[in-house]
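> Quick one: sequence and predicted model below, then my questions.
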Amino acid sequence: MLFRSGGLPPLLMYHSVSSYQPDSFQLIVSPARFEQQMRCLRRWGLRGVCVRDLLEARRGGGGRRLVGLTFDDGYADFAEHVLPVLTRHGFTATVFVVAGRLGGDNAWSVAGPRKPLLTADEVREAARAGMEIGSHGFQHVPLPTVADTELAAETNASRDVLRQVSGQDVAGFCYPYGSIESRVIRGVKDAGYDYGCAIWPSAHTGRHALPRIFIGNNDSPSRLWAKGLWYWLALSYQGPGADRVGPAAVAMARYQQPETGR
């Protein structure tokens, strides 16, 4: 079945949905392409949901026709171009917000296009519409490079701010740039997050380092299908132990995903 991944939940990774312009990080999907991709999911008998609901369904032994939809960075175009489409299709999603930059822009992306981020009011609007609000850190810094005190601030302070803004528990964390190591994962767990989203499969793969499928503007229906199949094949190459992914899986999955300034 498309997007089945050896027991791991199938998660699609988006960033910005806006008028397409070429960018070196391939983070932008046009509204027309996004609408087409969501229609394809419905036509294939799949339903897009937030990560929290997908994990809960999987915990109960169900959710085989569910696909997790995630949006990194919390761009303002989520409110304009994503939310109406998801609502129309009866889908939900998780938007990972940079808590210390609400209403600001993606200043961390020096080489990419400067884009505005969701305001506190827009985060509340998304939460009221049934979207899950997750944390993408407080300032969007690569967590393996910071000291323990800053790691605690990035995880704890961001969760506190987003809880207050959204009125939700804020169960999920998404690692900026996809950068993870054992110390960082422990910090996310210690901050009370129920799960964490990474990018690629790795030796850390598990509930607090969930791999995802990168989605870009070039992903037509046939490419979207192929990526799902590719990922399922990659994650079928498990290493020793159910919670480990072998080096072949890492290489295969990373091959189909561009390096990005997430």
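Sure, I can see it.
> Run me through the strand neighbours of the lengthiest strand in the chain, direction for each.
When the chain is parsed with DSSP state E, its longest strand is strand 66-71. Next to strand 66-71 in the sheet, as set by DSSP bridges, lie strand 11-14 (parallel), strand 47-49 (parallel), strand 94-97 (parallel).
> Pick the most buried one from the ones you listed.
Neighbour counts (mean count of other C-beta atoms under 10 Å) averaged over each of the strands paired with strand 66-71 peak at strand 94-97, with a mean of 28. (Glycine included, C-beta is placed from N, CA and C.)
> Can you list the neighbours in contact with that strand?
Outside of strand 94-97, the residues within contact range by C-beta atoms under 8 Å, 6 or more residues apart in numbering are 50-52, 68-74, 78, 117-118, 123, 126, 131-136, 162, 172-174, 197.
> next structured bit after that strand?
helix 120-128 (DSSP states H and E).
> what helices or strands is that next one leaning on?
If you count contacts as 3 or more C-beta pairs under 8 Å, 6 or more residues apart in numbering; DSSP states H and E, helix 120-128 packs onto strand 94-97, strand 132-135, helix 158-166.
> Can you show me the helices along the protein?
31-43, 51-59, 77, 83-89, 120-128, 148-152, 158-166, 182-190, 221-236, 247-255 (DSSP state H).
> ok, now which ones touch the residue most central in space within the chain?
The C-alpha lying nearest the average C-alpha coordinate of the chain belongs to Thr70 (C-alpha atoms, centre = their mean; 3.6 Å). Thr70 is in contact with 11-14, 51, 93-96, 134, 174, 197, 212, counting by C-beta under 8 Å, 6+ apart.
> switch to 10 Å and redo it
The contact partners of Thr70, by C-beta atoms under 10 Å, 6 or more residues apart in numbering, come to 11-15, 50-51, 93-96, 132, 134, 172, 174, 197, 210, 212-213, 215.
> Ok, Gly68 next?
3, 9-13, 48-55, 58, 92-94, 132, 197, 210, 212-213.
> Could you double-check that Pro201 lies in contact with Tyr231?
Yes. Between Pro201 and Tyr231 there is a contact at 8.9 Å, judged by C-beta atoms under 10 Å.
> How confident was the prediction at the nearest residue to the residue nearest to the centre of the chain once chain neighbours are set aside?
Spatial nearest neighbour of Thr70, chain neighbours left out: Thr94 (5.0 Å); criterion: C-beta to C-beta, 6 or more residues apart in numbering. Note for Thr94: predicted pLDDT of 98.
> Gly246 too?
The model reports Gly246 with a pLDDT of 48.
> Ok, Ala242 next?
Looking at Ala242, its pLDDT reads 40.
> same deal with Phe25?
74.
> can you check Arg4 too?
Arg4 is assigned 47 on the pLDDT scale.
> ok, Arg124 to Asn156 distance?
21 Å (C-beta to C-beta, to the nearest Å).
> I should have written Ser109 there, sorry.
Ser109 is 25 Å from Asn156, by C-beta to C-beta.
> Comparing the two, which residue is more hemmed in?
The neighbour comparison of Ser109 against Asn156 (other C-beta atoms under 10 Å) goes to Ser109, with 20 against 16.
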